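*Asks:* Prediction below, plus the sequence it came from.
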Number of protein chains: 2
Amino acid sequence: MSLTIVGSVAFDTLYTPEGTKEKIMGGSAVYAAIAASYFTKPSIVGVVGDDYHAHKIELLQSRGIDTSDIRQEAGKTFHWIGSYLEDINSAVTVETEIGVLGAFNPELNIENANRETLFLANNDPDSQLAAIEQSNATRIAMDTMNLWLNIKKEAVKAVVCKSHVLFINDAELRLLGDHYNLIAAAQTVMDWAPSLDVLVLKRGEHGSSLFTRGGLYLSAPAFPLSLVKDPTGAGDSFAGSFLGVMTNKPWTSENLKHALLIGSVTASFTVQEFGPDSLLATTAQKIEQRRQELIKTVPL
Amino acid sequence: MSLTIVGSVAFDTLYTPEGTKEKIMGGSAVYAAIAASYFTKPSIVGVVGDDYHAHKIELLQSRGIDTSDIRQEAGKTFHWIGSYLEDINSAVTVETEIGVLGAFNPELNIENANRETLFLANNDPDSQLAAIEQSNATRIAMDTMNLWLNIKKEAVKAVVCKSHVLFINDAELRLLGDHYNLIAAAQTVMDWAPSLDVLVLKRGEHGSSLFTRGGLYLSAPAFPLSLVKDPTGAGDSFAGSFLGVMTNKPWTSENLKHALLIGSVTASFTVQEFGPDSLLATTAQKIEQRRQELIKTVPL
């Protein structure tokens, strides 16, 4: 087990053009860990309230996910209420009930502190920094969201400066890199983030790209889906599966190419149903099968 | 010579984050014909006012473009004033001086009526329909824009129903297919357009995709550019080069794959400078070189 994921464990209430779901299983660390569990044995560091269901923790454990650092505290589990009604590709936060996540200060047990890779799933950058300080990981990967770039940009930049891998979507990259051009923004971020080796740009329904400090640039299509019910967790699933498949592997260009495609197709399972249901229902074999199909869409 | 292009010949005034240009060479037929001229000998059907410069016509002729159906009429050349200041990927029409284009009714001479491929570059759908009625082309390709989908949607649909190839961007496809999901919208359009064999989806900086009635789906990345000075004409250049390279070739999946990449990289030259300057300055060899570089960015 060599992937520790620090992030939110949550309830999500979701409004999409395909329907509404109330208080279903969610959270950045949950999606990332389930996606990673097809390729490695991840561990979650997070917090839930006393209203969280034991069977959800058991579900994670049944996937081989180490939940020993999911603390349960008095109070309510973080509850995100989000809408995609205006634009399926852009989440709008309707309301957040912060609950126990408000005072969350991650505490990594010795195993979680010593795993090879630390993934800071989307969360308050101050708690991401706190996790870095406790970690002996040789590889630190991170995600973030527009909220933090709008209200705590300097803290986000501090996390980026201590990370080796950044997962970010197009709108966020424009904010972080202070440039409307995505290629220029990626180069700018690489210039000021001394440790950053890999930047993965998530383009949503349009695919994804990967930049390395060594000058490698890759671009992968999205798996074509005529029905997207709920985009929640797509980015977390992308990052979780990417890191899961890279765990204990050398970060060669060949392995990065494979991981980029795996991230893309794993996310495609997530968005087919509300919540993590369709991500939970897939298999490593189905992911690989979809990767093979995706390769055929490339005009070579 | 087997590609006839009907569309606008214009002056453009452009505002982009990289600068402003006043009354430079523009028009959908102009960009498409210059792009096509690297691969075939296209012909333009259009109209200009008495303020249009003879040296611009001569420039087109020097590229091997047949301009015998560019009529000159008393009045002003169509002048488009557009801004990309809000969003580099989305043109906002600030003002149009319609001039002689307002009463434009395309008249195809016998050569233009008998060419293998008719490309209806972006223009009023009523004039696109008028061109179809005069043409004996065995392949009709078309482009459009959000303006026509907003004010003359039924006429646009009538043109689509008579076309074999449709070039369309993501926002336009959502409008035409009445669905936020691009894959579903493409399928919907294929369902009601009986002759449509190929739909090319232009995703701007995110690349492009191609759907065929036979079920082929392809997705090509965009050529990565850290500086885009002016996106005007990118879509026209894409379509022009795609059709130019397909002229007199069988529409096999192999040839379609090649054309999709050629369209993508030819457009990348267009956007590097204001107006058609950088498109005019490239060569077939440089286009092929960039196609080879683009292939390397695909994670295979």
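*Replies:* Nice, I can see it.
*Asks:* I figured A:Val100 was touching A:Val48, is that so?
*Replies:* Yes. Between A:Val100 and A:Val48 a contact is recorded at 6.9 Å, counting by CB atoms under 8 Å. Placement of C-beta: from N, CA and C, glycine included.
*Asks:* Show me what from the stretch 1-150 of chain A comes close to chain B.
*Replies:* With CB under 8 Å from any CB of the partner chain as the criterion, the stretch 1-150 of chain A meets chain B at residues A:Pro17, A:Asp87, A:Ile88.
*Asks:* Mind telling me what element the second one is part of?
*Replies:* In this structure, A:Asp87 sits in neither a helix nor a strand according to DSSP states H and E.
*Asks:* what's the nearest residue to it if we skip its chain neighbours?
*Replies:* Of all residues not flanking A:Asp87 in the chain, B:Tyr180 sits nearest, at 7.8 Å (CB to CB, 6 or more residues apart in numbering or on different chains).
*Asks:* hmm, back to that, of the residues of the stretch 1-150 of chain A next to chain B, buried ones?
*Replies:* A:Ile88 (16 or more other CB atoms under 10 Å in any protein chain shown).
*Asks:* what sits against the residue nearest to A:Asp87?
*Replies:* Contacts for B:Tyr180 were tallied using CB atoms under 8 Å, 6 or more residues apart in numbering or on different chains; they are A:Pro17, A:Asp87, A:Ile88, B:Arg174.
*Asks:* So for A:Val100 and A:Val48, which residue has more residues nearby?
*Replies:* A:Val48 (26 against 22; other CB atoms under 10 Å in any protein chain shown).
*Asks:* right, and the more buried one touches A:Lys76 too?
*Replies:* No. Judged on CB under 8 Å, A:Val48 makes no contact with A:Lys76 at a distance of 9.2 Å.
*Asks:* Give me the common contacts of those two.
*Replies:* A:Val100.
*Asks:* Now A:Ile24: phi and psi?
*Replies:* phi -90, psi 170 (degrees, to the nearest 10).
*Asks:* Please report the number of neighbouring residues for the closest residue to it other than its chain neighbours.
*Replies:* Of all residues not flanking A:Ile24 in the chain, A:Gly275 sits nearest, at 4.2 Å (CB to CB, 6+ apart). Other residues lying near A:Gly275 total 20 when counted by other CB under 10 Å.
*Asks:* Contacts only, for A:Gly275.
*Replies:* A:Asp12, A:Leu14, A:Lys21, A:Ile24, A:Met25, A:Gly26, A:Asp230, A:Thr232, A:Gly233.
*Asks:* Go ahead and confirm the first one touches A:Gly82.
*Replies:* Yes. With contact defined as CB under 8 Å, A:Asp12 reaches A:Gly82; the gap is 6.8 Å.
*Asks:* Looking at the two, which one has more neighbours?
*Replies:* A:Asp12 (25 against 20).
*Asks:* Shouldn't the more buried one be within a strand?
*Replies:* Yes. A:Asp12: assigned to a strand according to DSSP: H, G, I helix; E, B strand; the rest coil.
*Asks:* which ones are touching it?
*Replies:* Here A:Asp12 is in contact with A:Lys21, A:Lys23, A:Ile24, A:Met25, A:Gly26, A:Gly27, A:His79, A:Trp80, A:Ile81, A:Gly82, A:Thr232, A:Gly275 (CB under 8 Å, 6+ apart).
*Asks:* Return a ChimeraX selection command for the buried portion of those.
*Replies:* A single ChimeraX command suffices to select whichever of these are buried according to 16+ other CB under 10 Å:
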select /A:21,24,25,26,27,79,80,81,82,232,275
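*Asks:* Using a markdown table, please lay out the contacts of A:Asp12 together with pLDDT.
*Replies:* Shown next, in a markdown table, are the contacts of A:Asp12 (pLDDT from 0 to 100):
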| residue | pLDDT |
| --- | --- |
| A:Lys21 | 98 |
| A:Lys23 | 97 |
| A:Ile24 | 98 |
| A:Met25 | 98 |
| A:Gly26 | 98 |
| A:Gly27 | 98 |
| A:His79 | 98 |
| A:Trp80 | 97 |
| A:Ile81 | 97 |
| A:Gly82 | 96 |
| A:Thr232 | 97 |
| A:Gly275 | 97 |
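*Asks:* Where do the helices of the stretch 51-200 of chain A begin and end?
*Replies:* A:54-62, A:110-113, A:125-134, A:146-151, A:153-161, A:170-177, A:182-192 (DSSP state H, counting those that start in this stretch).
*Asks:* May I see the buried residues of stretch A:279-291?
*Replies:* Buried-residue list, stretch A:279-291, by 16+ other CB under 10 Å: A:Leu279, A:Leu280, A:Thr282, A:Ile287, A:Arg290, A:Arg291.
*Asks:* Check stretch A:54-70 too.
*Replies:* Here stretch A:54-70 shows A:Lys56, A:Ile57, A:Leu59, A:Leu60, A:Ile65, A:Asp66, A:Thr67, A:Asp69, A:Ile70 as buried, counting by 16+ other CB under 10 Å.
*Asks:* Nearest to A:Gly263, out of those residues: which one, please.
*Replies:* Comparing the buried residues of stretch A:54-70 against A:Gly263 with CB to CB picks out A:Ile65 as the nearest, at 18.4 Å.
*Asks:* can you pull the pLDDT of the closest one?
*Replies:* In this model, A:Ile65 is scored at 98, pLDDT.
*Asks:* So it is in contact with A:Ser37, correct?
*Replies:* Yes. Counting by CB under 8 Å, A:Ile65 does reach A:Ser37; the two are 5.6 Å apart.
*Asks:* How about the residue in the stretch 1-150 of chain A that chain B sits nearest to, nearest residue that isn't a chain neighbour?
*Replies:* Closest to chain B within the stretch 1-150 of chain A is A:Ile88: 5.2 Å, counting by CB to the nearest CB. Distance criterion CB to CB, 6+ apart; nearest residue to A:Ile88, sequence neighbours excluded, is B:Tyr180 at 5.2 Å.
*Asks:* can you check A:Asp230 too?
*Replies:* Nearest to A:Asp230 is A:Phe274, by CB to CB, 6+ apart, at 4.4 Å.
*Asks:* Give me the neighbour count for the one you found.
*Replies:* The number of residues near A:Phe274, taken as other CB under 10 Å, comes to 20.
*Asks:* show me the contacts for it.
*Replies:* A:Leu14, A:Thr16, A:Glu18, A:Gly19, A:Lys21, A:Ile24, A:Lys229, A:Asp230, A:Thr232 are the contacts of A:Phe274 under CB under 8 Å, 6+ apart.
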